[in-house]
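Enquirer: Just to be clear, the model below is a prediction. Sequence and coordinates:
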Amino acid sequence: MAERVVETGEVRLWSEDLGDPAAPPIFLIMGANASAMGWPDEFVALLVGGGYRVIRYDHRDTGKSTTVPDATYDFADLTQDALAVLDAHGVDKAHVVGVSMGGLIGQLLAVDHPERLRSLTLALTGALDMGTTDETQPDNGERISRMIALAEPGADVESELERRVALWRELHGDRLPFDAAEYRRLEERAIAHAGTFLPATGHVRLGAAALPRGADDLRRAETPTLVLQASEDPFYPLGFGRHLAGLLPDARLVELDGMGHSLPAAMHAVLTDAILEHVRRH
């Protein structure tokens, strides 16, 4: 394991390089307000064990990376951050795996910097034009309302851990068994890594920011892409994945029955097997 702090402009980004440095690189891009610890260690170990070098990093405003006052940045800046991490680790081309907001960054890399990608995996995300919902998907309104009610940070470590586990319960969905202890361990790791129990919130405003690219750009993207979409995802229902895969000229869609907007241990083998099969093709 090699930790590296990457400097880009006035921002310092914490990153970690795991596995054989000579192996083909898989570059992990996490979702909004989540540090590199959002990728469970067990999930990462399966990718490394598959014979790959794995690089993950903390977005600005998360983990050990720089906190930016007033979050004055946009998706173009976050995309440049990803490129800076690749450059710092000496990686010309990588297999990019992005989840949620990380999937949007992955699409921007594919549109504007295709020469840096060997392949792309987009998980639990939507297209740059924000996609279309699946009208057959059950209404998530009550679930979203419960998540909004959990937005207030806890007053201490224990209450914050309880809040985060409750939020994961909603994101996880009702189909797969929910292991509260598993999600608590994940959040304990994230808090220890960041050095604070206060949650990251800097990416919230990006939800209202216009993305610099759209559907026409995706139709011209040539990177071979795997789209992983979960049946119980309250943020990105199955229609989002179908729309995204339909826009990309070289995309394969895998729908994950019973999974929500999270990376639970019960799905690690399924997810990493799909990713490894995809990257080995390319």
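Expert: Cool, got the structure.

Enquirer: can you give me the strands for the stretch 151-282 of the chain?
Expert: 225-230, 251-256 (DSSP state E, counting those that start in this stretch).

Enquirer: Low-confidence stretches in the stretch 51-200 of the chain?
Expert: By pLDDT under 70, the low-scoring segments of the stretch 51-200 of the chain are 131-139.

Enquirer: Ends of stretch 146-163, what's the gap?
Expert: Start-to-end span of stretch 146-163 (C-alpha to C-alpha, to the nearest Å) is 11 Å.

Enquirer: Can you list the neighbours in contact with it?
Expert: With C-beta atoms under 8 Å, 6 or more residues apart in numbering as the test, stretch 146-163 has contacts from 166-167, 170-171, 184, 187-188, 191, 197-199, 234. C-beta here means a position set from N, CA and C on the backbone, and glycine is covered the same way.

Enquirer: give me that answer again for 6 Å
Expert: 166-167, 170, 184, 187, 197, 199 (C-beta atoms under 6 Å, 6 or more residues apart in numbering).

Enquirer: out of those, what pair is the most spread apart?
Expert: The span of these, defined through C-beta to C-beta, is set by E170 and F197 at 19.8 Å.

Enquirer: Kindly reformat the strands of the stretch 151-282 of the chain as a markdown table containing mean pLDDT, distance to S159 and mean neighbour count.
Expert: Below are the strands of the stretch 151-282 of the chain laid out as a markdown table (pLDDT from 0 to 100; distance: least, C-beta to C-beta, whole Å; neighbours: other C-beta atoms under 10 Å):
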| stretch | mean pLDDT | distance to S159 | mean neighbour count |
| --- | --- | --- | --- |
| strand 225-230 | 98 | 29 | 26 |
| strand 251-256 | 98 | 32 | 18 |
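
Enquirer: Any chance of CSV for these, columns distance to H89?
Expert: Output for those, formatted as CSV (distance: least, C-beta to C-beta, whole Å):
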stretch, distance to H89
strand 225-230, 22
strand 251-256, 27
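
Enquirer: F197 and G154, how far apart?
Expert: F197 sits 7 Å away from G154, going by C-beta to C-beta, to the nearest Å.

Enquirer: Between the two, which is the more surrounded one?
Expert: For F197 versus G154, the count of surrounding residues by other C-beta atoms under 10 Å is larger for F197: 21 against 16.

Enquirer: tell me the contacts of the more buried one?
Expert: Residues near F197 by C-beta under 6 Å, 6+ apart: 157, 160, 191.

Enquirer: okay if I get those residues as CSV plus neighbour count?
Expert: Formatted as CSV, the contacts of F197 follow (neighbours: other C-beta atoms under 10 Å):
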residue, neighbour count
V157, 13
E160, 18
I191, 19
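
Enquirer: so where do the helices sit in the stretch 51-200 of the chain?
Expert: 75-88, 101-112, 141-149, 157-172, 180-194 (DSSP state H, counting those that start in this stretch).

Enquirer: what packs against the second one?
Expert: Applying 3 or more C-beta pairs under 6 Å, 6 or more residues apart in numbering; DSSP states H and E, we find helix 101-112 packed against strand 25-29, helix 75-88, strand 94-99, strand 117-123.

Enquirer: strand partners of the first one, parallel vs antiparallel please.
Expert: Each strand pairing with strand 25-29, determined using DSSP bridges, is listed with its direction: strand 53-57 (parallel), strand 94-99 (parallel).

Enquirer: Out of the ones you listed, which is the most enclosed?
Expert: Burial of those is given as mean neighbour count (mean count of other C-beta atoms under 10 Å); strand 94-99 ranks first at a mean of 27.
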